[in-house]
Structure formats: C-alpha cells, structure tokens
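can't give you the sequence, but here's the structure:
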C-alpha cells in the first residue's frame, strides 16, 4: 500500500481546473469580443453567457453570437490563443506539471 501511495504521489498529475474549457475561458476576453460586434443588447448577451455555469455551454453560446453557428472550434482557437498569450496562473501551473512529467 505504501508503494502505491508513493507511486500515486509521484506520478499522478491533475489539471488546475475541472475541464479544459474552464482553464481557457476568459470572461473579459468574451465581453470585449462581443462588445465590438454589430448586434443589439451586447451587455445582456455577455451577462447571459457569463451566468451559464457549464463552460461547454458558454463556448456554444459565445460561438452562436460571434459566428452564427454552434461550431465551437473557432471559439476554442480564439480563447486558446488568448490563454497562451496571457500566460495566467493555470498556464504556468500546466507548464510546471508538464515539466515535472518530462523530468521523470
């Protein structure tokens, strides 16, 4: 049992959030992008998206607003690029985890 616990402690890693979408979602980025759209009720739409608790739903609704479709791949690319450029806490934590795995 002790060996199992040691192995687990040394070799099992977790992402800093529950889902990848939660890691890359940026409320300010979404709000800023929505604010430049030529649509009515921008603030209401941004608030509606922010109030969604499921990040997959946030991305789906954001995609509908920004691209007129529920295809979230473009939204993922936007947010992922923003996240990489921003290098927030989660980014640094994941880099640290990857380096720890790489150095094993």
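Cool, got the structure. Predicted, not measured: the structure shown is a model, and the values here were computed from it.

which residue is nearest the centroid of this structure?
For the chain, the residue sitting closest to the mean C-alpha position, by CA atoms, centre = their mean, is residue 24 at 2.0 Å.

Would you enumerate the residues in contact with that residue?
Residues in contact with residue 24 (CB atoms under 8 Å, 6 or more residues apart in numbering) are 76, 79, 80, 82, 83. The way it works is simple: take the backbone N, C-alpha and C, and place the C-beta from them, glycine included.

Relative to residue 49, which of these is nearest.
The closest of the contacts of residue 24 to residue 49 turns out to be residue 79 (CB to CB; 12.3 Å).

wait, doesn't that closest one sit right on residue 25?
Yes: contact status for residue 79 versus residue 25: in contact at 6.4 Å, counting by CB atoms under 8 Å.

Rounded mean pLDDT for stretch 62-76, please.
Stretch 62-76 comes out with an average pLDDT of 93.

tell me how far the ends of that stretch are from each other?
Using CA to CA, to the nearest Å, the end-to-end distance of stretch 62-76 comes out at 10 Å.

sorry, back to before: give me the common contacts of residue 79 and residue 25.
Shared contacts of residue 79 and residue 25 (CB under 8 Å, 6+ apart): residue 59.

Show me which residues of the helix or strand where residue 92 lies are buried.
Assigned by DSSP states H and E, residue 92 belongs to helix 89-102. Residues of helix 89-102 classed as buried: 90, 91, 94 (neighbour count, 16 or more other CB atoms under 10 Å).

Does anything pack onto it? Which helices or strands?
helix 73-86 (3 or more CB pairs under 8 Å, 6 or more residues apart in numbering; DSSP states H and E).

Can you point out the buried residues in the helix it packs on?
Going by neighbour count (16+ other CB under 10 Å), the buried part of helix 73-86 is 75, 78, 79, 82, 83.

residues in contact with that helix?
Residues outside helix 73-86 that contact it (CB under 8 Å, 6+ apart): 23-26, 29-30, 33, 59, 62-63, 66-67, 90-91.

Now find how far off-centre it is within its chain.
8 Å (CA atoms, centre = their mean, to the nearest Å).

got the angle for it vs helix 89-102?
Computed with axes from the mean of the first three to the mean of the last three CA atoms, to 10 degrees, the direction of helix 73-86 lies at 80 degrees from that of helix 89-102.
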